[in-house]
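Trainee: can't give you the sequence, but here's the structure:
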């Protein structure tokens, strides 16, 4: 009876480990509470490593040896598998490639409203030579202050925004700054009036009013709290729909890791036809939230996505501003036109 119980426990542990390691295979990546757990893949990896050590210690007790070793095998496979996934996505790079005449640099930063001074945002945008800056939880007033500060530093920007008046605090506003070098842009009416937008915290879709520049989406999906799970899933699908056909660059706070986006890609894309660029450029496992945790222990939920019109050549998760006020880290990605 004890042996049968041991086999049953081992099988259940193996199933749980498989679900947490490959949630997309089991189609549970957007279900509560799996969605919350898998946000922290590095922590999961460490937990499996700790379980492996405990199981090996228990194996020293002769009556428990077979059971403990079977658990050790499960923990070892899960630990190695998660470690390989993290390494493939990238554990961090320290610099961006040299900017070329055809490069576009995209900076995204959830500023937590007034917690981040506009001058700090402007200095970072200028230092990183950003052409597009998406700022979830940033009012147009703050965005205009950033644009003015950037202009005074020699990098003028046009400021655009969308807002949801039903969402309190600065979370109800998302601002985009776009370099005049990319041409004239305007936020589409459905983003402005909310007739087609993310559910609770707004996204902004800016389209070129002249020329052939990319559609620029400043994304903000609601956080997957238990009461908002349905809205969160709807938001991710809406964002995927924004990258169906057009030339698109989409950046912002998705409140989702790439694990949560399983099944939402089209034609090899991560979300719609857009590819997630951090995992292509060595930073896919580096957390952008929260700044209170080390960069490899949090959740990479801020992203820059790009349609097949673009190739990502480098990225950088900025860790030097962890005490600037926001609980998110800025992400910068360099894009080049695809051949």
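Mentor: Okay, I see it. Model, not experiment: these values are computed from the prediction.

Trainee: Straight-line length of stretch 218-236, end to end?
Mentor: The first and final residues of stretch 218-236 sit 13 Å from each other (Cα to Cα, to the nearest Å).

Trainee: Name the residues of that stretch that are buried.
Mentor: 218-224, 228-229, 231-236 (16 or more other Cβ atoms under 10 Å). Bear in mind the C-beta positions are built from the backbone N, C-alpha and C, glycine included.

Trainee: Equivalent analysis for stretch 186-204, please.
Mentor: 187, 188, 191, 192, 197, 198, 199, 200, 201, 202, 203, 204.

Trainee: what residues does it touch?
Mentor: The contact list for stretch 186-204 (Cβ atoms under 8 Å, 6 or more residues apart in numbering) reads 134, 136-137, 160-164, 167, 171-176, 205-207, 209, 217-222, 228, 231, 234-235, 238-239, 242, 252.

Trainee: could you flag which of these are buried?
Mentor: For the contacts of stretch 186-204, a burial check counting by 16+ other Cβ under 10 Å picks out 134, 136-137, 160-164, 167, 171-176, 205-206, 217-222, 228, 231, 234-235, 238-239, 242, 252.

Trainee: before we move on, the earlier item: determine which two of the buried residues of stretch 218-236 are furthest apart.
Mentor: Spatial extent of these (Cβ to Cβ) is set by the pair 218 and 229 at 23.2 Å.

Trainee: Which stretches in the stretch 101-250 of the chain count as helices?
Mentor: Using DSSP state H, counting those that start in this stretch, the helices of the stretch 101-250 of the chain run over 118-127, 140-152, 189-193, 229-241.

Trainee: least reliable of those helices going by mean pLDDT?
Mentor: Note on the helices of the stretch 101-250 of the chain: helix 189-193 shows the lowest mean pLDDT, a mean of 85.

Trainee: just how off-centre is it within its chain?
Mentor: Its chain's C-alpha centre and that of helix 189-193 lie 24 Å apart, by Cα atoms, centre = their mean, to the nearest Å.

Trainee: again, but for stretch 232-252
Mentor: With Cα atoms, centre = their mean, you get 13 Å for stretch 232-252.

Trainee: next one: stretch 154-161
Mentor: 24 Å.

Trainee: What's the end-to-end length of it?
Mentor: Taking Cα to Cα, stretch 154-161 runs 22 Å from one end to the other.

Trainee: Give me the buried positions along that stretch.
Mentor: By 16+ other Cβ under 10 Å, the buried positions in stretch 154-161 come out as 155, 157, 158, 159, 160, 161.

Trainee: just stretch 325-339 next, same as before
Mentor: Here stretch 325-339 shows 326, 327, 328, 329, 330, 331, 332, 333, 334, 335, 336 as buried, counting by 16+ other Cβ under 10 Å.

Trainee: And the strands in the protein, which stretches?
Mentor: With DSSP state E as the criterion, the chain has strands at 104-108, 132-136, 158-163, 173-178, 185-187, 204-208, 215-220, 248-253, 275-276, 302-306, 310-317, 331-337.

Trainee: Check which helices and strands the longest helix anywhere in the chain is in contact with.
Mentor: Secondary structure of the chain per DSSP state H: the longest helix is helix 65-89. Counting by 3 or more Cβ pairs under 8 Å, 6 or more residues apart in numbering; DSSP states H and E, the packing neighbours recorded for helix 65-89 are helix 2-21, helix 41-58.
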